[in-house]
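*Asks:* I would like to see how this sequence folds:
(4 chains)
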There are 2 protein chains.
Amino acid sequence: MKRPLRLLRGCLGMVVMTTLKDIGRALGLSVTTVSRALNDFPEVSPQTRLRVRAAAERLGYQANRSAQRLATGRSGMVGMIVKTSADYRADQTFMEILVGMSAALAARDTDLVLAVDQGRDPVEPYRRMLGRDLLDGFILNAPVTDDPRISYLNERGIPLVVHGRDRMDADYPFFTIDNHAVAAESVQLLTALGHRRIAYLNGPAQYSYAARRAQGYRAAMAEAGLPVLEGALTHDPPTAAAGYRQALSLLAGQRGAPPTAFICGSLLLAEGVMHATVDLGLSVPRDVSVMAHDDGLPMLRASSFTPALTVTHAPLHDACVPLANALVDLIGGADPKSLQVLNRAELIVRDSTGPAPETGRTPWP
Amino acid sequence: MKRPLRLLRGCLGMVVMTTLKDIGRALGLSVTTVSRALNDFPEVSPQTRLRVRAAAERLGYQANRSAQRLATGRSGMVGMIVKTSADYRADQTFMEILVGMSAALAARDTDLVLAVDQGRDPVEPYRRMLGRDLLDGFILNAPVTDDPRISYLNERGIPLVVHGRDRMDADYPFFTIDNHAVAAESVQLLTALGHRRIAYLNGPAQYSYAARRAQGYRAAMAEAGLPVLEGALTHDPPTAAAGYRQALSLLAGQRGAPPTAFICGSLLLAEGVMHATVDLGLSVPRDVSVMAHDDGLPMLRASSFTPALTVTHAPLHDACVPLANALVDLIGGADPKSLQVLNRAELIVRDSTGPAPETGRTPWP
DNA sequence: TGTACGACTCAAAGCGCTTTGAATAAATTT
DNA sequence: AAATTTATTCAAAGCGCTTTGAGTCGTACA
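*Replies:* From the prediction side, this is the model:
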């Protein structure tokens, strides 16, 4: 049979790929030996290994992933599925994770395939990607409590790592910050300053990180002997508009005594709260204290707020390398449990938090 | 040789894939015929085709992409390379394109592989991805003027589509709005309202869209017989902070007569300008007119500004389906020139633009 | 001197698919 | 009725890689 014309190589001007055979021919070796040399098998002699390495380098060899995958069943590709909803697309955190993961995976010679979830069934896109592409594993982020996607993949033994954690007794690799502590420590900082009416502007309730922070908030309030006021724990997407709206409503609304302090689930919420205080003629931190959790997103610096914002700080960025390594190791057969990380956020006190205003003082209109 | 143990199928609980052979066996046909039936070859009889279709459906057959790729040289995957810089990650437009493209490509049964550009050489990541994965093509966005990545891929005959256009005589498929017109029409609207000192807060100068808008701005100003004031054409990343800073500097700075109107390259810049006007005690549109280009990003609505913002409007979203189709068609052998789209942005006049203040009036401090 | 063993190397099979070239059966023509 | 076309189908090769099982050479042992 003559060489088929269908190959793209050459005809479309594609970079001509060097194959194992090319290296073998150049060195007078078999493809077997070349393959083994490159894959660090013990039975190839050191000098041969070196010769092969050099030739591979010289000829610009890069393994053909398709062939590798076909032969091994591994693809060197992992998937990540993102939602198409407006609030997802608008949320910088996802881009941060996406870019970070891609970079971290590249260091482990793994590619990231993106797919979108457009439907009602959250596991459908995973099913589709699995059937079609033989991905090696998945990265999942922003899990909801008892996430059905996680169960689906876990039951089938499909490697996955999660940014976040959908339940306490997780048996998959994850990287998450201690969201309970994030909320509780914030409350503790504020109660230590004498605040008693503390509002928590949380993320959307379905996300497990938000549920966990709500727990932390409630626990710390209870521990301080403080009631959680009506409407003082809210759930919104991380936007300045939502923060503004909620702060306005809580500070100027008719819901009883307004809070003297706000804890925000994100810097954007805090931004909205700050605006609301300005519009109401309130001073931060004299009249109201404001703090937030800071995901370390680019171009959004807590230290650049006026006044500089007190935060719990845990860059999303930090999760990517551990997660990428965990996933690749997991695919390589590592123990899932050994790849679990619970990180602590750092408390950074700046200028937006101060002593609670004296009792009885009502600075707002 | 016995069945090797190395395969993931089964051992890791992976979904067991149905192969062509399975279908063939079930129907008493050869893999050849099954393959042809599924790929709509003319030489297979209609009834056989139907039988095969049914069996494939029933058995949940999905082609193994690796095998297909290995055999055809095509992968059914295209690449998109994103930058890791902070301003890129913070820029919502990229997430919008990424998600939109992924969705649009899925409809054409094509996957999107993400890679990151971390280095100094803009073509390096493309070279790497090409050598390694045999992607079928690339999507490129935010080209700079005479973009080296485009030249690199074009010279090698690698299919690519571009969101934007790096030069006027582009010979690749692209989708872009008429950025010259975007700027020119904005200027014309404002000059018709009597404005003579019009500032243009543009995107970063290296991007071709920004360069093109600068041209449009200059051309329209010249046509109206107006000079471009010192410092009235600025280049910044699309952030509210930049808009605020520039507006403040132009309105309150010592750079001669301040502008009576601002055209902003993005809603975020406009947001900053609006804040600046508020802080300076200026009224929009009485003292200053403000307009912007609106990319139709989620959670950022020009109509929700106060006052509602006059814009040129062209949702990024609209580019994705045409681009995805163009890329898949191009890979299929279509003529690049036939896949070029130059779209017009829509001018939407709202409440942020009004007649120029009377000459001599100087409302600012 | 012969045998056994280790150290390397290799040919060949197979992953699932597409495609070539040939074979078979049926329909048409001479 | 034989020869030719047409309509289907098939076996086999090959894509580049990994892995198996079988050599081939020395060197160390008996």
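*Asks:* how about low-confidence regions in chain A?
*Replies:* Counting by pLDDT under 70, chain A shows low-confidence ranges at A:1-16, A:132-133, A:255, A:359-365.
*Asks:* Can you pull the residues of it lying near DNA strand D?
*Replies:* Residues of chain A lying near DNA strand D by C-beta under 7 Å from any atom of the strand: A:1, A:3, A:7, A:9, A:17, A:19-21, A:31-32, A:35-36, A:38-39, A:61, A:63-64, A:67-68, A:70-72. Placement of C-beta: from N, CA and C, glycine included.
*Asks:* Relative to DNA strand C, which residue of the stretch 251-365 of chain A is the closest?
*Replies:* Residue of the stretch 251-365 of chain A nearest DNA strand C, by C-beta to the nearest atom of the strand: A:Ile331 (18.5 Å).
*Asks:* and that residue, what does it touch?
*Replies:* A:74, A:78, A:136-137, A:159 (C-beta atoms under 8 Å, 6 or more residues apart in numbering or on different chains).
*Asks:* Intersect these with the contacts of chain B.
*Replies:* A:74, A:159 (C-beta under 8 Å from any C-beta of the partner chain).
*Asks:* Closest one of the contacts of A:Ile331 to chain B?
*Replies:* If you rank these by distance to chain B using C-beta to the nearest C-beta, A:Arg74 comes first, at 6.8 Å.
*Asks:* I'd like to know how many residues surround that closest one.
*Replies:* 21 (other C-beta atoms under 10 Å in any protein chain shown).
*Asks:* Repeat that for A:Val341.
*Replies:* 15.
*Asks:* repeat for A:Arg108
*Replies:* Using other C-beta under 10 Å: A:Arg108 sits among 16 other residues.
*Asks:* Skipping adjacent residues, who's closest to A:Arg139 in space?
*Replies:* Not Arg; residue A:139 is Ile. Closest residue in space to A:Ile139, ignoring its immediate chain neighbours: A:Met80 at 4.6 Å, by C-beta to C-beta, 6 or more residues apart in numbering or on different chains.
*Asks:* Tell me who's in contact with the one you found.
*Replies:* A:Met80 makes contacts with A:98, A:101, A:112-115, A:138-141, as judged by C-beta under 8 Å, 6+ apart.
*Asks:* Also A:Leu251?
*Replies:* Neighbour list for A:Leu251: A:258-259, A:276-277, A:280, A:282, A:288, A:364 [criterion: C-beta under 8 Å, 6+ apart].
*Asks:* would you turn the residues you listed into a markdown table with distance to B:Ala292 and neighbour count?
*Replies:* What follows is these, written out as a markdown table (distance: C-beta to C-beta, whole Å; neighbours: other C-beta atoms under 10 Å in any protein chain shown):
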| residue | distance to B:Ala292 | neighbour count |
| --- | --- | --- |
| A:Pro258 | 35 | 22 |
| A:Pro259 | 35 | 22 |
| A:Ala276 | 24 | 24 |
| A:Thr277 | 27 | 23 |
| A:Leu280 | 28 | 18 |
| A:Leu282 | 30 | 20 |
| A:Val288 | 32 | 30 |
| A:Trp364 | 34 | 13 |
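*Asks:* Show me which of those is closest to DNA strand D.
*Replies:* A:Ala276 (59.1 Å).
*Asks:* Please tell me how far the closest one sits from A:Leu269.
*Replies:* Per C-beta to C-beta, to the nearest Å, A:Ala276 is found 11 Å from A:Leu269.
*Asks:* Hmm, A:Leu347 is touching A:Glu185, no?
*Replies:* Yes. Under the criterion of C-beta atoms under 8 Å, A:Leu347 makes contact with A:Glu185 at 5.7 Å.
*Asks:* what about these two, which has more around it?
*Replies:* A:Glu185 (19 against 16).
*Asks:* is any part of the helix or strand containing A:Arg49 close to DNA strand C?
*Replies:* A:Arg49 belongs to helix A:46-59 when assigned by DSSP states H and E. Yes. Applying C-beta under 7 Å from any atom of the strand, one finds helix A:46-59 in contact with DNA strand C at A:46, A:48.
*Asks:* next one: whichever helix or strand comes after that helix to chain centre, how far?
*Replies:* Once the chain leaves helix A:46-59, the next helix or strand it forms, by DSSP H and E, is helix A:65-72. Helix A:65-72 sits 30 Å away from the centroid of its parent chain (C-alpha atoms, centre = their mean, to the nearest Å).
*Asks:* hmm, who's touching helix A:65-72?
*Replies:* Contacts for helix A:65-72 (C-beta under 8 Å, 6+ apart): A:74-77, A:111, A:134, B:6, B:64-67, B:69-70, B:75, B:132-134.
*Asks:* Buried residues in stretch A:33-46, which are they?
*Replies:* In terms of neighbour count (16 or more other C-beta atoms under 10 Å in any protein chain shown), stretch A:33-46 has its buried residues at A:33-38, A:44.
*Asks:* Save these as TSV, and put in secondary structure and distance to B:Ile177 too.
*Replies:* Below are these laid out as TSV (DSSP: H, G, I helix; E, B strand; the rest coil; distance: C-beta to C-beta, whole Å):
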residue	secondary structure	distance to B:Ile177
A:Thr33	helix	56
A:Val34	helix	51
A:Ser35	helix	50
A:Arg36	helix	54
A:Ala37	helix	53
A:Leu38	helix	48
A:Val44	coil	57
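*Asks:* Just the closest of the residues you listed to A:Gly265, please.
*Replies:* A:Leu38 (48.3 Å; C-beta to C-beta).
*Asks:* I'd say the closest one and A:Ala54 touch.
*Replies:* No. If you go by C-beta under 8 Å, A:Leu38 and A:Ala54 don't touch, sitting 11.5 Å apart.
*Asks:* end-to-end on stretch A:115-129?
*Replies:* One end of stretch A:115-129 sits 8 Å from the other (C-alpha to C-alpha, to the nearest Å).
*Asks:* Counting neighbours, what do you get for A:Ser249?
*Replies:* Neighbours around A:Ser249, by other C-beta under 10 Å: 15.
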